[in-house]
Every structure is written in C-alpha cells, then in structure tokens.
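In: build me a structure from this.
(chains A and B)
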Amino acid sequence: MTPFTYERAADPAAAARAAAQPGARFIAGGTNLLDLMKLQIEKPVHLVDVSRLPLNQIEATQEGGVRIGAMVRNSDLAADMRIRRDYAVLSRALLAGASGQLRNMATTGGNLLQRTRCNYFYTPGLPCNKREPGSGCAALNGQNRMNAVLGGSEQCIAVHPSDMAVAMRVLDAQVETINADGQRRVIPIADFHRLPGNTPQQDHNLVPGELITSVVLPPPVKGVQIYRKVRDRASYAFALVAVAAIVDKQNGQIASAKFALGGVAPKPWRVAAAEQALSGGDIHQAADALLAGAQGHGGNDFKIDLARRTLHAVLTQV
Amino acid sequence: MQMSSPAGRNPIDDNRQGLIGKPLDRVDGHLKVTGQATYAYEYTEAGPPLYGFVVTSTTGKGRIRNIDSRAAERLSGVKLVMTWRDMPQQGKKEVGAAPQLVDDKILHFGQPVALVVAESFEAARAGAALVQVDYEPVHGVYDLAAARPAARMPRPGLQPPDSTLGDFDQAFAGAPVRVDQTWTTPHQSHAMMEPHATLAVWHGDQLTLYTSNQMLTQAQATIAHTFLVDPSQVRVVSRYIGGGFGAKLQVQADAILAATAARRLQRPVKLALTRQQVFHVTTHRSATIQRVRLAADQHGHLLAIAHESWSGNTEGENSYEAAATQTRALYAAPDRKTAHRLSTLDLPVAAAMRAPGEAVGLLALECAMDELAEKLGLDPVELRRRNEPTQDPERHVPYSVRQLIPCMDEGARRFGWDRRKVKPGQVRDGRWLVGLGMAAAIRSNFLRPSHALARIDADGVVTVKMAMTDIGTGSYTVFTQIAAEMLGVPPHRVKMLLGDTEFPAAAGSGGSFGAASGGSAAFEACEALRQKLIALAGYDPDKAIFANGMVSDAGQSRSLASLAGAEGVEATGDIGPGETGKAFSQHAFGAHFVEVGVDTDTGEIRVRRMLSVFAAGRILNEKTARSQALGGMTFGIGAALMEDAAPDLQTGVFSNHDLAQYHVPAHADVPPLEVVFLPEVDDKANPLKIKGIGELGICGAGAAVANAVYNACGVRVRDYPVTLDKLLPHLPAQA
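Out: Purely as a prediction, here's the structure:
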C-alpha cells in the first residue's frame, strides 16, 4: 500500500471538490478499494471518505418511485420493505451477491463502482489493459472462464461483477450525481457503465470528482420479478450468468418482459430488440437477440449456452 | 517402545474414568474463541520487530538479469532489501535444508526474489512494490498434459512408484467386462485459514522461530541445516496453528527469510505471506492424469486392476502424487499393476495435501468401480463386496482390521441406498434431477517416532510435554484425555504443553499420524510415570488403580500429590513403528453415500445429503473425531465440485490465487452431514489401538459425489472438478 492522505468529507459538494484532484478516490465501504490498494492495483494519493455523508436514506419520490441514497448499505437496501415489495428483483440480486459481512459494508454507490474480478486484473506483473493501459490482455488467451462473451473488445474482456446493477438495469434506474463544480446530473443506468473499446481502464462515465449521491427507481411496474444467479458455489461466488427479469403475464401468455444478463459483459446486458422479440412470444428469438454477437474465448464458451438456458428457465418459470 | 507386537490390554482399554471416547470440548477452545491463543504472527519478543515482505517473481521461468532496489531502499522506514546477492552461505537442499534466494534462476511464477524489511508492515509492502526486477524469461511448461510425454520414473517415496503382480496385460485383454478410462484432477491449494507466518528472534547464536509449522522436530533440523548451525541452536515454537492440511509440513520462505534478516539486522523480524503468495511461495497438490483399467468376469469378480498416475513438480523436486497407491490394497484381483510417473512443470513446488495419494486417487478408482458396476448390472455396494480381499492383495499380509463391508452395509441401511434407481436420470424434484452415489474410503495408517515427558507435581497437576503440534484437529484435547485417563485425574488437572522444540522430539501433525504417534508417546510416558508412582507407594503394579487423583491398592490409597512431593516425579516415554507395521496391512476404512441435485436447466450441482460411515480404530473423542470427518467430507465435496488452481498456460501463475476465486465449499454448499463411527480397536496399530482420522473423511468422498452426479443426470465427467459447464452440453433440451 502506498502512503496516502485521508479526509472525511463534510458534504457531497465538498467531497466532489476534494476528489477532483489528481490521484484522489472516494472511499465508502472499502470492500473493493482496500483490497486493490493492498495489491497496488489502485494507488490513490488521497482518499475522500464519503461513508458518513447524509446519503443513507431510502425515500419515496414524488413520481411514485424511490430514491436510494448512495451510502445505503447493501444489507439495508435488500431488507427495506418497499424494495422487497415493489422492487423484489433488486432485493434478490443484492442478497445473491457477496457475503453477509461484505453486504453490511458495501454501499449502493460503491457497488456500482466496484471493479472487475478478472483474475488478470488482480495479478500485477501480468498484462492487463484495464490495470495498465497498453500492456495487453492476458485473459484473451488465458484462464477466461469468468470473462465476458458480450461487449468485450480486443483490449479487454472483463466482466462487471455487480448483481445489484443488473437488477437496476431492468428497473430502469437513474444515477444522480454531483460534480466538483456543484452541478448535478442524472445518468440513466444504461449509460452509466462503459464498454471497454480502446479505453478499458475507464469502467464508467463519471468524470473525476463526480460523486454518486443517489439512485432513483421509477414507479414500480407490473410483473413477477426474478433474479436468477448461476454460479459455481452456492454462496460467495460471482455469477457465471445471472438473469434479472420482470415478466408480466396475461391469460397465461407473456404480455411484456424486461430482462438483463449479468456475469457475461462489462456492464449489465439488456437489449431492447430481445424484449420486443419476446412480446411476439418466442423465447428462442428473444435469446438470439439478447445474445447477438456473443463470442467465447475458450474457457467461457459455455456461458453463451448457459445464458440462453437460464433465460429460458426464468421466462418459463413464471 | 516399538510396535513389535500387538498391544496388550492397558488402562486405555479399561477406561475407568470413561474419558476415552468422551466428546470432551476442546481444552483450548476457550482460548481460541476469546483471542487468547497466540498464533505465530502475534508474538512479540525482544522488543518491537521489523516487518518483512517478500517480493515474488512475475515471470514463470527464466533468469533474473538485474534487481534495482534503490527506490525501495530510499523509502522511509525501509531498513533492508535482500536479494540472492546478499544472502549468507546456506545449506543445500540435498542435505535437507530449505535455502532461499539461492541464485538468479527463476523456476516458477511467484518464487521469492527479494525481501524488503521495514519498520512497519505497510512500509515493507510499499517497498516491495518499488523493487524493480528485470527478468530474462524463457519458455516454460505449465500444462501437465503437455509435459506428460517426458515423464520419468520418480525415486521411491514412502513406497516404490511401481508395483506389478501376475500379468495384467494378458488378464485384461482376455476379460469379458472391462473399464478403461482416464481421469484428470486439477492442482489444488490447501487454503487453510492462517497463511504462513514467522517471528524470528536471535539471541547471539541462538535462534527462536515463532512460526506456523506442522512438524517441529523436522523443522528444527531443516532450519539448522539451512543456517549451518547445530539443531540445539534452533528453537521452533508453534503452539497454535490455523490449519495446515500439509501446507506447513515443510519450512517455507517466511521462516528462512525472517531468520536471515533478523540475524543480519540484529532485530526480531516478522514475516507473513499474503494469501496470494501462499499459492505460489508455498506448496500445492499437483494435478494428476490417471488411467484406471478394471477387468472382471461376468459375476463381478475382478480379474485385473491397473492404475497409472502422472503428476508434476518443479525442476529438482522428486515428490509425486501417489494417486495409485491405495489401489494396491483396496480390492482383490490376481493380476495387477500400479505406476507413478513424474513430469517437470515450471510451477510452484508440489507436495502433500490432505490425504496425499488417496484424496485424488480414489476420485479415479472409485468412479471406475461405479462404471464397472454399471457394466455388470451390479449394485456398486455388491460389486465391492464381491471383491473383498482376505489379505492385502499385493503385500500378502493380513489386514490389521478391515471393516469396509460393515461400513458399506451400515451406510447403505442408514442412507436408504435401496431407493437408488439403477438407471440414471430417473428422479426429478422440481427443476432438480436427483441422484445417489457411493464410494469406499481407505487411508493408510502410520506411526512415527515420538517422545514425551510426563510429570506430576505437589499440586497434583499432571504436565505432559511434547514437540507435537495441534493444527486445529484437537490434539491438545485428545492427549489431555489420554493423560487424565492414565493418571486418574480430571482433564482440568492436566497441563498439556505442545508446540515447542524445547520439549521431547515428536512426530508432528501429518499423514494422520499425529494422534497415534504423539498420543502413544504420551501414553508411554504416563505409563512410566504410573509405575514410578506405584513403586513410590509400594503397591502391586498389577493391582494398583489410578482414580480421583489417588492411586490405590487393596483398600489403601495415596494421593498422587503427596507421592509427587516437593520435587515432583517425572518419566519419559516413546513410541516407534515396528514389526506390526510390516506384518499387517494397516488402513482405516469407510463408505460414503451422497445425494446430489443437478439443475436441469443450468447444470448447477448441489449436494443434498451425505452420510459416511468410518471404521478407524478406537475413537478418542467423539466430537473432535466427528469434526475431522466433517472437514474431510467437506473437502471431498470441494474436490469433486469446485477446487481448481488453474495455471495460466502462458506464465504459470495460478490465475485464481485468492479465496474469492479459488473456491472451497461455502456453508451453503454443505448440507447436514451425517457421520457414523463403527466400534473398532486395532491392537496392531499402536497401544491406544487408534487409527488416523484426519484424512479418512476426504478419501472417496468426492468420488461418491461424482457417482451421484452421474446417477442424477447420466453424465460421466472424468475431468475434475465436475462443474456445470461440463454437464451443460449433455443436459436435456429445453422446450
């Protein structure tokens, strides 16, 4: 761990200002950043502790949705009665993630900003364009069982590991932020994370110093909410494939469905054409559209078939 | 005493106080859960220590061109950067030393290349990141299958690498029913809780190492050889150990580098490996490729057995995974052969991990038996029953005690084995396909030389000292029970002192021989102490009884405290293997029964039920023995379904080198496990008539899981671990 300075931010605007300086990072629950700092993968020179900011409320919005403070812990969010009743997919996704201890520390904002768990990202000294731009991607021809089959590039096939974000994607969540100049903006969850392209070191579209203040969920929608996470062990494992879905059935037929994949791409993977295809009633066509362009790299080839089968299982179980 | 003949009746058989077998709580449990048990990294001696951090190779094979440590040395708090150029003269590996930073050669990824010592752990780690190592990499071989053609016959380990009896090839060729399949098992990491750690302190030429090591007497010798000093100048202390599973059998870089730096800087030095480093700096279990051939007549009698195994190790290492060894003793067949071959792999050093040999060997053999049973149309239990040998089929000596059939029968009855459908894929429970599987367990039983000292003092407290270890298995507790039972005192009047080479030399914990070796030494010392006390009291040795802190004979009694007097009385005892080891084939046996579910859509595998029956000699403590069995069975679930240290084939790094990515079972993966011990005493094994149980639980457990997976869904996966991707292509199509 390299030496760093530390401050506890007084309010969100001050936090954003403090974090705009080069080499600064926010720290909230620290469940990912501290590990990365120990391994010298993240080397912040300044930490801005946002964990005590008054952003830990879950409130109703005027529109009929909820606003989740960025500092709301994953455990608390999963246990919230409104979330369990109206946004069950989110509660289920959270409880499928990490471990009880980690969920007690991890925050809503931090969960969105956690970094990939690609083995090579975690092995300093080996090529990784996300860790060290220009060094190459050891996963492409390496042990890539956990890596992406969608949305990757020649530069990077890392997966975004969040379960929570996949649920938020089918819920059409909006990420609210404040930047160093005190300006606020709203980023649809679909535009929050980036595909790697030629800049795999950038996971998301926040600018330096921009702080997530909350995540807003729109009013609840009709339908059965499901989060199905497929993994190698029953707990404390990242998804091989996850499916978040909200399925509305009428007269025994699927009237509409929203669904997204986790564990297969650098961001939650949702495709409008797939949901349109499903409204025609054809699960296979929907899966084709969702998985269009999917490409395995040897160790992760199976994820394509697994995603298809898991989607099928989820959509037919309702 | 040597085990030259079967043990006669003794106070352990009498069990007058009923302490033997009693499920006594761990005597060190309170210390552990209240944080008062001191582990290696928690010691302080001779003032505040310096902290070491190891710099490890980021290349898989090659040579160090240059090491630039200037930036690290400039860092505030850094006291020393040591590379191979700075090392003092060290003993050579060939004479049993464990030298570090030997030269500029890189044999594997993660090999230590430098040590940074600083005033704080954080500074040492930051300094380590600043050390610039320039490598000249060369092509390495990281894949066992690729290295297999160049495999060689290793030098003998505990047993010769090869064995043959009769003419296997001819018998196999002419047999009516045959199985010929190849299984592969991956590299595995011990994944014990406590990473390797050491505090090294020199007082003049005397070295004390507080370290985490399973075999202190051996460690003392290794360290003395390495530093070219006499063993009497080395003291090794390991009072509490956070698990080992074999990872701490050898002295590792943490101990040697800490001691080297401490000597040079004249300050105590603490050094702990990180979890990621444990994967590479220390040992792992090698991957194996195993070909098993079984031939039987139409009635299910085995005619021929062959088991050949290939494993890998680093250049200069001879240790091989003895995966075919148990096949020499498990089933009868006239014509047989086993063979082990070793390939050089440019990977970290491979060595023993829990049940070396059997743990992975039975993953092949016991699945081959399942395949044979299917071909014969025989129940897997019945097939094994029909091939029960009357004596060790290769050594032609009797078994000491062999209760495989009773284990299978008891397990089958309790588990409801008769409900198993012969044809796979027949049982559905919602989205799950459900299957049952079984496998036999066998684990060799050992006895190693051990010494103990027992004494009693005027306060009536019995003290026993041994350079034994308790790696979390419960050794402190079972030794306490033995001493208390022998001297007729309650367990809280026994002070059991382990984990220090100041005490009499002992076997240590490994190969499941700890309880037998250390326990028998303690027994012998206590027996000698009894005789001294009887003599002091002037009683008849054949009639004297020890109970309630007294020794009594024909209505008279004396308190042990009064006999001890101000000086106390002490005695020593020892144990060593003898003729009974040669004259009898000694193994513990068991049978596992498992129910798994396989998700029809995704191929996820979950163990739903598991019951294992063991026959492992006398059980010293029902509770700690059961815990050992539970741990072994859980290990077996992990070996079958998830453990896989996957080397990157470009660089030889174990790519998933932490406990988030290297999967061992989580609680949610382990259903309630049932453990049954059959009554047994083995008088050929040792005076306690016990057998090792630390490793038995894992033996065959994974094979039972894999056989259950087949019964559930009809897919045989012979490439461990059995993960869902290997089932997926064979699962039923969706509507």
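
In: just give me the neighbour total for residue B:233.
Out: By other Cβ atoms under 10 Å in any protein chain shown, 17 other residues sit near residue B:233. Where you see a C-beta, it was placed from the backbone N, CA and C, and this is true even at glycine.

In: wait, residue B:106 sits on residue B:61?
Out: Yes. The criterion here is Cβ atoms under 8 Å, and residue B:106 meets it with residue B:61 at 5.9 Å.

In: what do these two both touch?
Out: residue B:137 (Cβ atoms under 8 Å, 6 or more residues apart in numbering or on different chains).

In: and the chain, what are its domain boundaries?
Out: No chain specified, so I'll use chain A. Structural domains annotated on chain A: A:5-49, A:224-317, as defined by automatic domain parsing.

In: wait, I meant chain B there
Out: According to automatic domain parsing, the ranges for chain B are B:11-36+B:447-576, B:40-139+B:196-272, B:288-446+B:583-730.

In: would you mark the buried spots in stretch B:7-15?
Out: Residues of stretch B:7-15 classed as buried: B:7, B:11-12 (neighbour count, 16 or more other Cβ atoms under 10 Å in any protein chain shown).

In: does the residue of chain B found nearest chain A fall in a helix, a strand, or a coil region?
Out: Going by Cβ to the nearest Cβ, chain A is nearest to residue B:58 of chain B, at 2.8 Å. Following DSSP: H, G, I helix; E, B strand; the rest coil, residue B:58 is assigned to coil.

In: list the contacts of it.
Out: A:124-126, B:109, B:133, B:135.

In: just residue B:443 next, same as before
Out: Residue B:443 touches B:326, B:355, B:358, B:512, B:587-588, B:692, B:695-696, B:699, counting by Cβ under 8 Å, 6+ apart.

In: and whichever helix or strand residue A:304 is part of, anywhere near chain B?
Out: Residue A:304 belongs to helix A:302-317 when assigned by DSSP states H and E. Yes. Helix A:302-317 lies within reach of chain B by Cβ under 8 Å from any Cβ of the partner chain, at A:302, A:305-306, A:309-310, A:312-313, A:316.

In: tell me which residues in the longest helix anywhere in chain B are buried?
Out: When chain B is parsed with DSSP state H, its longest helix is helix B:514-537. Neighbour-count burial for helix B:514-537 flags B:514-530, B:532-534, B:536-537 (criterion: 16+ other Cβ under 10 Å).

In: show me what it is packed up against.
Out: helix B:11-14, strand B:450-456, strand B:462-465, helix B:475-487, strand B:550-553, helix B:560-564, strand B:569-575 (3 or more Cβ pairs under 8 Å, 6 or more residues apart in numbering or on different chains; DSSP states H and E).

In: repeat that for 7 Å
Out: Here helix B:514-537 touches strand B:450-456, helix B:475-487, strand B:550-553, helix B:560-564, strand B:569-575, going by 3 or more Cβ pairs under 7 Å, 6 or more residues apart in numbering or on different chains; DSSP states H and E.

In: now the second one: mean pLDDT?
Out: Averaged over helix B:475-487, pLDDT sits at 98.

In: indicate the residue of the stretch 101-250 of chain A located nearest to chain B.
Out: For the stretch 101-250 of chain A, Cβ to the nearest Cβ, closest residue to chain B: residue A:125, 2.8 Å.

In: who touches that residue in this structure?
Out: Contact analysis of residue A:125 by Cβ atoms under 7 Å, 6 or more residues apart in numbering or on different chains lists residue B:58.

In: need the residues that contact stretch B:164-179.
Out: Residues outside stretch B:164-179 that contact it (Cβ under 7 Å, 6+ apart) are B:293-298, B:303-304, B:306, B:334-337, B:368, B:371-372, B:375-376, B:394.

In: quick revisit: from the contacts of residue B:58, which ones fall inside strands?
Out: B:133, B:135 (DSSP state E).

In: show me which of the contacts of residue B:58 are buried.
Out: Buried members of those, scored by 16+ other Cβ under 10 Å, are A:125-126, B:109, B:133, B:135.

In: and these, which two are furthest apart?
Out: A:126 and B:133 (14.0 Å; Cβ to Cβ).

In: near chain B, which residues of the stretch 101-250 of chain A?
Out: Proximity of the stretch 101-250 of chain A to chain B is confined to A:117, A:119, A:123, A:125-126, A:138, A:141-143, A:230, A:232-237 under the rule Cβ under 7 Å from any Cβ of the partner chain.

In: ok, now with 10 Å
Out: The stretch 101-250 of chain A has residues A:102, A:117-120, A:122-127, A:138-139, A:141-146, A:161, A:228-238, A:240-241 near chain B, with proximity defined as Cβ under 10 Å from any Cβ of the partner chain.

In: C-terminal to the longest helix of chain B, what's the next element?
Out: strand B:545-547.

In: what is that following strand packed up against?
Out: The contact analysis (3 or more Cβ pairs under 10 Å, 6 or more residues apart in numbering or on different chains; DSSP states H and E) places strand B:545-547 against helix B:11-14, helix B:475-487, helix B:514-537, strand B:550-553.

In: give the buried residues for the last one.
Out: For strand B:550-553, a neighbour-count test (16+ other Cβ under 10 Å) marks B:550-553 as buried.

In: cool, and stretch B:19-32?
Out: Buried-residue list, stretch B:19-32, by 16+ other Cβ under 10 Å: B:19-22, B:24, B:26-28.

In: return it as PDB; C-alpha atoms alone will do.
Out: In PDB, the C-alpha atoms belonging to stretch B:19-32 read as follows (Å, rounded to 0.1, in the frame of the first residue of the first chain):
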ATOM      1  CA  LEU B  19     -12.600 -40.300  29.400                       C
ATOM      2  CA  ILE B  20     -11.500 -42.200  26.300                       C
ATOM      3  CA  GLY B  21     -14.100 -41.600  23.600                       C
ATOM      4  CA  LYS B  22     -15.900 -39.000  25.500                       C
ATOM      5  CA  PRO B  23     -16.900 -36.000  23.400                       C
ATOM      6  CA  LEU B  24     -14.900 -33.600  25.500                       C
ATOM      7  CA  ASP B  25     -15.000 -29.900  24.400                       C
ATOM      8  CA  ARG B  26     -11.700 -28.700  23.100                       C
ATOM      9  CA  VAL B  27      -9.400 -27.800  26.000                       C
ATOM     10  CA  ASP B  28      -8.000 -24.900  24.000                       C
ATOM     11  CA  GLY B  29     -11.400 -23.800  22.700                       C
ATOM     12  CA  HIS B  30     -11.900 -21.000  25.200                       C
ATOM     13  CA  LEU B  31      -8.500 -19.600  24.500                       C
ATOM     14  CA  LYS B  32      -9.200 -19.600  20.800                       C
END
